[in-house]
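J.: model the following, please.
(one chain, ligands or ions: 1)
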Amino acid sequence: MVQNPAALFSSDGVLNVRFSYQHRFDSSIPARELFCLMTPDGLQNPTLHVNPGDRLIVTVTNNTPVGTGGMTINPPNCGDTTMNSSSVNIHYHGTNTSPKCRQDEVIKTLVNSGETFRYNLSFPLNEPPGLYWYHPHVHGIAEHALQGAAAGALVVDGINNVQPAVGSLRQRILLVRDQHVPGNPNPTGNVPSWDVTLNYVPITSPTDPSSSNFVPAILNMEPGEKQFLRVSNSSSDTILDLQYVFDGVPQQIQVVAIDGVPVNSQDDPQSRSVSTSVDMTLATSFSTVTSLATRIWA
Ligand SMILES: [Cu+2]
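T.: Predicted coordinates for the structure are as follows:
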C-alpha cells in the first residue's frame, strides 16, 4: 500500500530543515547500499513545501563512513576541496534558485564524511508552482546515491492558482525510484532491467504485468473519487510509461502540468491534457487528475 511521504511546510516565508545523510545495506544478496536524507525526528526524504518568494534553509551533515579515493577540486570551491566516494551535495531539481555556492550549486559543492554544510536558497517570487525534487548530485557518484533512494519531493505550493480544478482534491506525492536488480542479471522475461519502487513500495517484474509474479504498488481510492497525483520520476536510469490501471484496463487521466509547466498554458509546447498513458523520460515530473478507479498499478 502506497503512503504519502512525510511533509514539512514553510512558515513565515522560511523552511528550516536539518538532514543527516546516512546509509545502510538492504537484505538482498548481494546487498545493495541504501541512502537517506533524514531529519532529527526520523523523517526520511520528506516532501519540502515552500511558497514562491520563500527561503529554504537546509543544514546537512554527512554521516556516511569515511570515503575512499580522493580528488582535489580546483578553486573556486564550495565546502570541501576534495571529492571522494562519500561526498554528497544536494541539487534542487528544476527550481529557479541561484546556481551560486550555498544555493543550487552542484559542480563544486562537496560535503564529506563528518562535515556539515548549510544551504540557504531563495525562491523567486515568480517561481512557478508545481512539483520539483531534491537529490545528491556529486559528479560520478550521484547515480549510486540516487538509486540508494536519497531523493525527495519539493513542492512550490500554489498550483490551484493556475489549475483551480485541483484545489479541493486529495493530493498524492509519488516518487518512482530505481535500483539495480540484485546480482545484476541480464534482463529477460520477468527479470527487469531495474527494480522500481513507488514511495519505497517494490513493484516486481514490470516486464510482464500479466505474470503471477507481478505485484503492483496499490493506491486506495473511493469509487468516483478524483485525486490529484503528483509523480516524479526520481530514478537514475529508468524511462517510464505510466498507466493508471483498474482491473487491467488503463483509465483516462487528465494531465494538468509537466515539469512545473501547466498544460495548455502559454509555455506548454503541445496539448497533452487527456490520455491513458504518460511517457516519462528521466527526471521529469508530472501532475495529473484521475478518477473512476480504486487502485493504481504503476
Ligand atoms: Cu536532478
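J.: could you count how many residues lie near residue 114?
T.: Look at residue 114: counted by other Cβ atoms under 10 Å, it has 12 neighbours. Heads up, the C-betas are built off the backbone N, CA and C, glycines and all.
J.: okay, and it sits in which element?
T.: Using DSSP states H and E, residue 114 maps to neither a helix nor a strand.
J.: any idea how far it is from residue 86?
T.: Per Cβ to Cβ, to the nearest Å, residue 114 is found 9 Å from residue 86.
J.: tell me, what's touching those two both at once?
T.: Taking Cβ atoms under 8 Å, 6 or more residues apart in numbering as the contact rule, residue 114 and residue 86 both touch 62, 66.
J.: what's the domain layout of this protein?
T.: The chain breaks down by automatic domain parsing into domains covering 7-157, 165-290.
J.: indicate which one of those is closest to residue 1.
T.: For residue 1, the closest of the domains of the chain is domain 165-290, at 5.7 Å, according to Cβ to Cβ.
J.: starting at the chain centroid, how far to the closest one?
T.: 12 Å (Cα atoms, centre = their mean, to the nearest Å).
J.: what mean pLDDT does the longest helix along the chain have?
T.: Across the chain, the longest stretch assigned as helix under DSSP state H is helix 142-147. For helix 142-147, mean pLDDT rounds to 94.
J.: if we can go back for a sec, quick one: the domains of the chain as JSON lines, columns for distance to residue 1 too.
T.: Below are those laid out as JSON lines (distance: least, Cβ to Cβ, whole Å):
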{"stretch": "domain 7-157", "distance to residue 1": "17"}
{"stretch": "domain 165-290", "distance to residue 1": "6"}
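J.: dump stretch 150-160 to PDB, restricted to CA.
T.: What follows is stretch 150-160, C-alpha atoms only, in PDB (Å, rounded to 0.1, in the frame of the first residue of the first chain):
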ATOM      1  CA  ALA A 150      18.300   9.600  -1.400                       C
ATOM      2  CA  ALA A 151      15.700  11.800  -3.100                       C
ATOM      3  CA  GLY A 152      12.600  13.700  -2.000                       C
ATOM      4  CA  ALA A 153       9.900  15.800  -3.500                       C
ATOM      5  CA  LEU A 154      10.000  19.600  -3.300                       C
ATOM      6  CA  VAL A 155       6.700  21.300  -3.900                       C
ATOM      7  CA  VAL A 156       6.200  25.000  -4.700                       C
ATOM      8  CA  ASP A 157       2.700  25.500  -3.500                       C
ATOM      9  CA  GLY A 158       0.000  27.400  -5.300                       C
ATOM     10  CA  ILE A 159      -0.800  25.100  -8.300                       C
ATOM     11  CA  ASN A 160      -4.500  25.700  -7.600                       C
END
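J.: going forward, count from 12.
T.: That works, and once the first residue is 12, the last one we named lands at stretch 161-171.
J.: mind listing what's buried along it?
T.: Judged by neighbour count using 16 or more other Cβ atoms under 10 Å, the buried positions of stretch 161-171 are 161, 162, 163, 164, 165, 166, 167, 170.
J.: fine by me, we can end here.
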